[in-house]
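Colleague: sequence first, then the predicted structure, then my questions.
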Amino acid sequence: MKKFRKTMDMLIIFYLLFNIVYNLFGWIVPVKLVTPETVDSFIYIVMGLMGAGIAAVDVIINSYWKKTRYCWILYAFLAVMGISTVLNMSFGYMSNLKTIVWTGIQFVLFYSLYQRIDKEKAMRYLGVLWKIISIIWIVPVLYSIFQFLMLDSYYTLIWGKKIKQGLVENRLFGIFSDPNYAAMVSLLLIIGMIFLICRTEKKWKKTIYIIYSIILFVYMVLSGSRTAEVGLIMTVVVYTYALSGKTRKGGRKLVEIVLSCILGVVLVVSAWEISKVGLEKLPKIVDEVSFVKEYKESKKNVVQKSETSSKEKMDTNLKSTITSTKVLERKDGKAGNISNNRVKIWKSYLKGMGNHLIFGMSPRNSVQIFVKENPNSYIAQTDYETHNGYLSVFVATGFAGSILMCLFIILQVKNACGIFFGKGKMEIECLTCILIITNIAVFTCFFTELFFVNNMLAALFWSSLGMLEYWRDKKNENG
């Protein structure tokens, strides 16, 4: 039985890795283009059934699922999701059941990861994870930067949905489905590169990781993601504190730490803005190269001749905005709409809760309920998601689920602060987990992320949160 349990633990780790990697491919458009929707749906069904099966067996033979810290709050939250699904069953239930299954997999398998592996295995897990993701990610990032240099822009149809590609609306979508998610993955990879730099003593490897991080930073700037920029600033502040706060002593320690953090913020913002100004000039410089002119001309001819191509030329007005001198100056989010309609979306959701305040509208039925009960509302007319994962919790599960999740978050923040501000040197593995958790948590404030989703960020968050509990246990053992 002991050998079987170890096999189960390794199977769960490989399942988590596969989940992260497959979901990562889902954000790369060319991969989606060659993947039929039926095949993609089938793979997710198999993954869901496999995960549910592994979780069921794990619950029977192991006790990790009930020993993970604050797990009963999460299981109570799952129960509220079930109640909300039953109460709103007239609007559909299958998609809600799938969401409950995936959420259960994250709580039972991913969050309990730290109990299945010791510290050394955790180090290897993190190292292998970052290396796999970096190998996959570098190709689409480099090609996307190439698209920026060529000022390439077009639409691609994926499963009947029009997807922006290349440099569109003064932002580099590249060959990703969403530049915000691509920028966030790039930021997490920079954190991963710092982890790998600290874990190796070979200078040639350190050099590769540094160069890779610079390339990722370039894409982040080109993506125009303000959330990623905030995340990068926050990451630098955390690293700065970890380096200065853990090493300096004396009465001037606090002042030195604050000044160091401020200097870090200034350097990040300056580097971002300077890079933006410099990168804007590159397409015009590159355009003077002869083979670039030939490439653009051939590209133009191909688009003109192919009437059935999935790539559609952008409209003239949009094209003119990206061929101006300030190709990275975003037009959205200005003129009193800095939130990009998010505030309007949030207000509409909150106003439309009506009789669903206690148990919510269920994870997947909110828009249908708005269409029926509030047909004139902004949500019913636009079909927008919440664009805020925490608001999604309230909309889906009402006060019942929100109170539970707020309690869980408060307890976890308290634990994380105890680790981060505690005495002694902080290990790079622990700091990496804290930064993953913090960045995804901030990202969730502006996107429908973390809750009721099955993607790379959710898997990373819950597994990292689990490993953070591992370091808390170690600190308790050491007194």
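Modeller: Arrived safely.
Colleague: in the longest helix anywhere in the chain, what counts as buried?
Modeller: Assignment by DSSP state H gives helix 253-286 as the longest helix of the chain. Within helix 253-286, the residues that qualify as buried are 257, 260-261, 264, 268, 272, 275-276, 279-280, 283, counting by 16 or more other C-beta atoms under 10 Å. Using the backbone N, CA and C atoms, a C-beta is placed for each residue, glycine as well.
Colleague: next, the angle from the longest strand along the chain to helix 253-286.
Modeller: In the chain, assigned by DSSP state E, the strand with the most residues is strand 161-168. In terms of direction (axes from the mean of the first three to the mean of the last three C-alpha atoms, to 10 degrees), strand 161-168 departs from helix 253-286 by 90 degrees.
Colleague: in the protein, which ranges drop under the pLDDT threshold?
Modeller: Residue ranges of the chain with pLDDT under 70: 1, 245-252, 290-293, 295-325, 332-337, 424, 473-479.
Colleague: can you give me the strands for it?
Modeller: Using DSSP E, the strands of the chain run over residues 153-158, 161-168, 171-174.
Colleague: mind checking which of those strands is nearest K98?
Modeller: Nearest of those to K98, taken as C-beta to C-beta: strand 161-168 at 20.0 Å.
Colleague: hmm, back to that, mean neighbour count and distance to F370 for the strands of the chain - can I get that in TSV?
Modeller: Output for the strands of the chain, formatted as TSV (neighbours: other C-beta atoms under 10 Å; distance: least, C-beta to C-beta, whole Å):
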stretch	mean neighbour count	distance to F370
strand 153-158	18	26
strand 161-168	20	21
strand 171-174	27	29
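Colleague: so which of those strands is nearest K372?
Modeller: Using C-beta to C-beta, these put strand 161-168 closest to K372, at 24.5 Å.
Colleague: that closest one - contacts with which helices or strands?
Modeller: Contacts defined by 3 or more C-beta pairs under 8 Å, 6 or more residues apart in numbering; DSSP states H and E place strand 161-168 against helix 119-149, strand 153-158, strand 171-174, helix 316-322.
Colleague: who does that strand pair up with?
Modeller: Here strand 161-168 is paired, per DSSP bridges, with strand 153-158 (antiparallel), strand 171-174 (antiparallel).
Colleague: so what's the gap between that strand and the chain middle?
Modeller: 20 Å (C-alpha atoms, centre = their mean, to the nearest Å).
Colleague: return that strand as CSV; C-alpha atoms alone will do.
Modeller: Written as CSV, here are the backbone C-alpha positions of strand 161-168 (Å, rounded to 0.1, in the frame of the first residue of the first chain):
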residue,chain,number,x,y,z
LYS,A,161,-14.2,33.4,-33.1
LYS,A,162,-12.2,36.3,-34.5
ILE,A,163,-8.9,36.7,-32.7
LYS,A,164,-6.6,39.7,-33.0
GLN,A,165,-3.0,38.9,-34.0
GLY,A,166,0.2,40.8,-34.4
LEU,A,167,0.4,44.5,-33.5
VAL,A,168,-3.2,45.6,-33.0
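Colleague: that strand to helix 119-149, inter-axis angle?
Modeller: With the same axes, to 10 degrees defining the directions, strand 161-168 sits at 80 degrees from helix 119-149.
Colleague: residues in contact with R472?
Modeller: Contact analysis of R472 by C-beta atoms under 8 Å, 6 or more residues apart in numbering lists 69, 415, 418-419.
Colleague: kindly recompute the last result at 6 Å.
Modeller: Listed by C-beta atoms under 6 Å, 6 or more residues apart in numbering, the contact set of R472 reads 415, 419.
Colleague: any idea how far L411 is from it?
Modeller: Look at R472 and L411: by C-beta to C-beta, to the nearest Å, they are 11 Å apart.
Colleague: overlap in contacts, those two.
Modeller: The contact sets of R472 and L411 do not overlap (C-beta under 6 Å, 6+ apart).
Colleague: hmm, who's touching stretch 34-44?
Modeller: Residues from elsewhere that reach stretch 34-44, judged by C-beta under 6 Å, 6+ apart: W159.
Colleague: got the CA positions of it in CSV?
Modeller: What follows is stretch 34-44, C-alpha atoms only, in CSV (Å, rounded to 0.1, in the frame of the first residue of the first chain):
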residue,chain,number,x,y,z
VAL,A,34,-4.3,23.0,-35.7
THR,A,35,-6.4,21.6,-32.9
PRO,A,36,-10.0,20.9,-33.8
GLU,A,37,-12.5,22.0,-31.2
THR,A,38,-13.8,18.5,-30.7
VAL,A,39,-10.3,17.2,-30.0
ASP,A,40,-9.7,20.0,-27.5
SER,A,41,-13.0,19.3,-25.7
PHE,A,42,-12.2,15.6,-25.7
ILE,A,43,-8.8,16.2,-24.1
TYR,A,44,-10.4,18.3,-21.4
